[in-house]
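Enquirer: Let me see the structure of the following:
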Amino acid sequence: MDTAARQPRPRPRHAAAATPPGTRLTGMARRASGVFDDWLVRRVVKRSGAHERHDPPPPDEPPIPTDLLTLLRLLGVMLIGSGETTDRVQDLLGDTAHRYGVAEVQFFVLPTGVFVRVQDSRGSAVDLQETSNDILRLDQIARVYRVLDDMKHHLPPPAEVTARLEEILAAKRPTAVWLMLLGNVVLTLGLGLILNPTVHALAGYVVLGLVVQLLIMLADRVPLLSLALPVTAGTVVTLLAFGFPHALGGGQPSQLLIPAVAALLPGMMLTNGAIELATGSMVAGSARTVAGLNKLLLLAFGIYIGLQLLGPRPPDIPATSLGWWAPILGVLLIGIGHSWRSSAPPKSVWWLLLVLYVTFAAQQLGIRAGGALLGAFLGGLVAVPTAYLVQRNRNAPPTQVAFLPAFWMLVPGGMGLTAVSDLVNSSGGNGLQVLLNVLLSVLAIALGVLVGSGLINTRARGSASLMDWLLPPSQRMPATTSADRVPTADPPAPVPEKPDETA
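Expert: Numbering: from 1, shown residues only. Predicted coordinates for the structure are as follows:
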């Protein structure tokens, strides 16, 4: 059978490429329509002189100048680093924006970041800048508040203020390394004279204060050590104090722990957290409180590790306390040591000592009248107005600089560390009472600081604080009004309904 005869005959090439007449007519009509549309667009554009339809629209102008937005973010971060509460930072940022004639900006401040929300008729935008965990030095804090004070009298361009703030952040520490070491030694010795003024413990305060400061300086260079610094410091201090109880502690090694690790106590963190919770800042207050308790537990865990490594320990031996003058000398040493360690501004030591002694006197009065809780409350209550009155004098530091050493002397975390250590090593059933004492101590100081801050701060622009009303008219601070906005050579327009005219 012939297989070639059964194969199909190939179709002609023109038949495979043939297209129905209707399809060809449709394609020709579409091409003609496109050519006509392009010719019509070119004709209309040529006669009207308009831009082509595909040109991108011009970008919208920002609701506020970019340099002002950068200033607000950076200023908020530095105020958080100065130890201010989030509510206070929002008030200061709002006042700064008001001075530059901007009203359509809102702030949401957290301990870890500053959110800035800008809104106008075109919509809203949110910007963010992350904060640092480091607290600014006293000299940096003083310069930040000096910048804020300068803006009340002369309003420079935002870019100029931002440059000044960046210069403050980049400034090198003016204190030498050896003076920082000596400052922490003097600071530990002064706190020891207040808490446990015995002769045999003085050598232990000096040695442990030096060791802790060396660990802090080493942690600045070794990131891994900085993460475990509370545990490491607690363990090393416990090993030294209980390993050489008679040489360093005079038979009372447990009394050396609190003064030695005082530089690592989260007193400010816990107290600011309690203040923020009381004022309604739930997120910020909860974050600070949890972080402070976490650091406190890490310190207690380090103490627990040291005690477990040493094994059984002998009981403390009673020691003879120094005279009545020891706590008074301790306050002096705290002021000098803190000024060296934290690089206090020049000519500010005497003002810091004045606030310290007034706070110490109020605390001792409260302790004698109603116990430790009343003393903590009165100390926090008196510290803030005293620092406010001090900053009104010539060459005096700002309120925050004068207040921080006194706030640190109250040591809200010191009692908490002792309580947590007892809670970890306690064999009895008083754990709930210990925890309650910690919370009450922190709340007492926070309540005192909150009431004291209410005497000097006001949320209403154009009105004076209660402290100013109590002073003679010649001593009152001028109230902030809308007339304080000083025009500059290149200011943003103070008319909020025309945001496109801002420069």
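Enquirer: OK, contacts around the residue nearest to Leu309 when sequence neighbours are not counted?
Expert: The shortest distance from Leu309 to any non-neighbouring residue, by Cβ to Cβ, 6 or more residues apart in numbering, is to Leu239 (6.6 Å). Just so you know, the C-beta spots here come from the backbone N, C-alpha and C atoms, and that holds for glycine as well. Leu239 is in contact with Gly306, Leu309, Leu310, counting by Cβ atoms under 8 Å, 6 or more residues apart in numbering.
Enquirer: Quick check, pLDDT for the first one.
Expert: For Gly306, the model assigns a pLDDT of 88.
Enquirer: So it is in contact with Phe242, correct?
Expert: Yes - under the criterion of Cβ atoms under 8 Å, Gly306 makes contact with Phe242 at 6.8 Å.
Enquirer: Which residue ranges of this protein form strands?
Expert: Secondary structure of the chain (DSSP state E): strands at 105-110, 113-120, 123-130.
Enquirer: which one of these lies closest to Lys172?
Expert: Ranking these by distance to Lys172, with Cβ to Cβ as the measure, places strand 123-130 first at 22.9 Å.
Enquirer: Give me the sheet partners of that closest one and which way each runs.
Expert: strand 113-120 (antiparallel) (DSSP bridges).
Enquirer: Burial check on His246, number of neighbours?
Expert: For His246, the neighbour count with other Cβ atoms under 10 Å is 12.
Enquirer: Roughly how far does it sit from Pro253?
Expert: 9 Å (Cβ to Cβ, to the nearest Å).
Enquirer: just Gly183 next, same as before
Expert: Separation of Gly183 from Pro253 (Cβ to Cβ): 24 Å.
Enquirer: next one: Leu224
Expert: 29 Å.
Enquirer: Could you tell me the end-to-end distance of stretch 392-400?
Expert: Chord length of stretch 392-400, first to last residue, is 13 Å (Cα to Cα, to the nearest Å).
Enquirer: Chain neighbours aside, what residue packs nearest to the most centrally placed residue in the chain?
Expert: In the chain, the residue lying closest to the centroid (Cα atoms, centre = their mean) is Ile80, at 2.8 Å. Leaving out its chain neighbours, the residue that sits closest to Ile80 by Cβ to Cβ, 6+ apart is Thr131, at 4.9 Å.
Enquirer: follow-up on the earlier one: so for Gly183 and Pro253, which residue has more residues nearby?
Expert: Pro253 (26 against 23).
Enquirer: The more buried one contacts Val237, correct?
Expert: No - in this structure Pro253 lies outside contact range of Val237 using Cβ under 8 Å: 9.8 Å.
Enquirer: neighbours of Arg117, just the number please.
Expert: Per other Cβ under 10 Å, the neighbour tally for Arg117 reads 14.
Enquirer: residues contacting it?
Expert: Counting by Cβ under 8 Å, 6+ apart, Arg117 touches Val105, Gln106, Phe107, Phe108, Ser124, Ala125, Val126, Asp127.
Enquirer: Next, count neighbours for the first one.
Expert: Here the number of neighbours of Val105 (other Cβ under 10 Å) works out to 21.
Enquirer: If it is in a bridge, with which residues?
Expert: Assigned bridge partners for Val105, using DSSP bridges, are Val118.
Enquirer: you'd agree it is up against Ile64?
Expert: Yes - contact criterion Cβ under 8 Å: Val105 and Ile64 qualify, at 6.2 Å.
Enquirer: Check the contact lists of these two and give me the overlap.
Expert: Ala97, Val118.
Enquirer: State the distance from Pro197 to Val355.
Expert: 22 Å.
Enquirer: Equivalent analysis for Pro230, please.
Expert: 28 Å.
Enquirer: In the stretch 151-300 of the chain, where is pLDDT below threshold?
Expert: Scanning the stretch 151-300 of the chain for pLDDT under 70 picks out 249-251.
Enquirer: same question but for the stretch 301-450 of the chain, I mixed them up
Expert: The model of the stretch 301-450 of the chain has pLDDT under 70 over residues 313-319, 411-435.
Enquirer: where do the helices sit along it?
Expert: 325-341, 349-370, 372-390, 399-409, 412-425, 431-456 (DSSP state H, counting those that start in this stretch).
Enquirer: Identify the residue spatially nearest to Phe360, adjacent ones excluded.
Expert: Phe360's closest residue in space is Val331 (Cβ to Cβ, 6+ apart), at 5.1 Å.
Enquirer: from the contacts of Leu239, which would you call buried?
Expert: Taking 16 or more other Cβ atoms under 10 Å as the criterion, what is buried in the contacts of Leu239 is Gly306.
Enquirer: and of the contacts of Leu239, the nearest to Leu389?
Expert: Nearest to Leu389 out of these is Gly306 (Cβ to Cβ; 44.0 Å).
Enquirer: contacting residues for the residue lying closest to the closest one once chain neighbours are set aside?
Expert: Computed as Cβ to Cβ, 6+ apart, the closest residue to Gly306 that is not its neighbour in sequence is Thr238, at 2.7 Å. Contacts for Thr238 (Cβ under 8 Å, 6+ apart) come out as Leu257, Gly302, Ile303, Ile305, Gly306, Leu307, Leu310.
Enquirer: Pick the one among those residues closest to Gly370.
Expert: Relative to Gly370, the closest of the contacts of Thr238 is Leu257; by Cβ to Cβ it sits at 27.1 Å.
Enquirer: can you list the contacts of Arg117 in JSON lines and add distance to Leu450 and pLDDT?
Expert: Shown next, in JSON lines, are the contacts of Arg117 (distance: Cβ to Cβ, whole Å; pLDDT from 0 to 100):
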{"residue": "Val105", "distance to Leu450": "27", "pLDDT": "84"}
{"residue": "Gln106", "distance to Leu450": "24", "pLDDT": "86"}
{"residue": "Phe107", "distance to Leu450": "21", "pLDDT": "89"}
{"residue": "Phe108", "distance to Leu450": "21", "pLDDT": "89"}
{"residue": "Ser124", "distance to Leu450": "33", "pLDDT": "70"}
{"residue": "Ala125", "distance to Leu450": "34", "pLDDT": "72"}
{"residue": "Val126", "distance to Leu450": "30", "pLDDT": "78"}
{"residue": "Asp127", "distance to Leu450": "30", "pLDDT": "81"}
